[in-house]
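> Following is a predicted model, sequence given first.
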Amino acid sequence: MTVGLIPGSFDPFHNGHLEIVERASLIFDEIVVAAIRNPQKSEALFDLDERRDMIAESCAHITRIRIVSIATLLVNVARDVNATAIVKGLRAVSDFESELQMAQMNRSLSGVETLFIPTSSNHSFIASRLLREVARYGGDVRAFVPGPVARRLEQKFPEVAP
């Protein structure tokens, strides 16, 4: 059985993330989406439990999927879930530069390969960081996130919800 491990902060999970999960689900027998607490990023808008719930609700139509939260090295999770490959979405060339280094480190540490899937052009500009900022200042992000995420953003920022 092939297992694709899709890691990310997913704060919040958006349509670009969903696209990668859906496309990877056509390649692998099982998908494991791992929400990560990334200490290199700013304070999280959603905690890991909230992110895991949003991902599960947004991906309810996808069969053979597991959602996990992690606070350890990705290669440890890859080993624990028997990942065939780590799957990363790429929006632009700038993503590739940092992702390539991580892929090479992960392969050196564990032997697990990384598969890059480029997002479609209609999702290539979406970034969780931008969505948090737009939502915080009252912008409408519903076109960029699945329904369950939009509802939670509106709950986080009720004074600015459309």
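Structure received. Numbers count the residues shown, from 1 in each chain.
> Need the nearest residue in space to M1, chain neighbours excluded.
Distances taken as Cβ to Cβ, 6 or more residues apart in numbering put D29 closest to M1, at 4.5 Å, once the chain neighbours are dropped. Quick note: C-beta positions are derived from backbone N, CA and C, even for glycine.
> can you list the weak-confidence ranges in the protein?
38-42, 159-162 (pLDDT under 70).
> and the longest helix along it, what does it pack onto?
For the chain, the longest helix by residue count, based on DSSP state H, is helix 93-110. With contacts taken as 3 or more Cβ pairs under 8 Å, 6 or more residues apart in numbering; DSSP states H and E, helix 93-110 sits against helix 74-80, strand 85-90, strand 113-118.
> Out of these, which is closest to R152?
Among those, the nearest to R152 by Cβ to Cβ is strand 85-90 (21.3 Å).
> Sort out which residues of the closest one are buried, please.
A85, I86, V87, K88, G89, L90 (16 or more other Cβ atoms under 10 Å).
> In stretch 92-104, which residues are buried?
For stretch 92-104, the neighbour count (16+ other Cβ under 10 Å) marks D95, E99, A103 as buried.
> Am I right that I55 is in contact with A35?
Yes - I55 is within contact range of A35, at 6.5 Å (criterion: Cβ atoms under 8 Å).
> Overlap in contacts, the two.
By Cβ atoms under 8 Å, 6 or more residues apart in numbering, I55 and A35 have these common neighbours: F10, I67.
> G8 and K88: what is the separation?
Computed as Cβ to Cβ, to the nearest Å, the G8 to K88 distance reads 8 Å.
> And for P118?
P118 is 10 Å from K88, by Cβ to Cβ.
> On the three-state scheme, S121 is what?
Using DSSP: H, G, I helix; E, B strand; the rest coil, the secondary structure recorded for S121 is coil.
> Show the backbone phi and psi for it.
Here is the backbone geometry of S121 (degrees, to the nearest 10): phi -60, psi -30.
> that's a strand at A150, yeah?
No - assessed with three-state DSSP, A150 is helix; it does not lie in a strand.
> quick thing: my sequence starts at 250, can you match it?
In the new count, where the first residue is 250, that last one comes out as A399.
> so who does it touch?
Residues in contact with A399, defined by Cβ under 8 Å, 6+ apart, are V390, R391.
> E268 now?
Counting by Cβ under 8 Å, 6+ apart, E268 makes contact with G338, T368, S369, H372.
> for the nearest residue to the last one once chain neighbours are set aside, helix, strand, or coil?
In other words, H372. Leaving aside its chain neighbours, H372 sits nearest to G265 (3.7 Å; criterion: Cβ to Cβ, 6+ apart). Secondary structure state of G265, per three-state DSSP, is helix.
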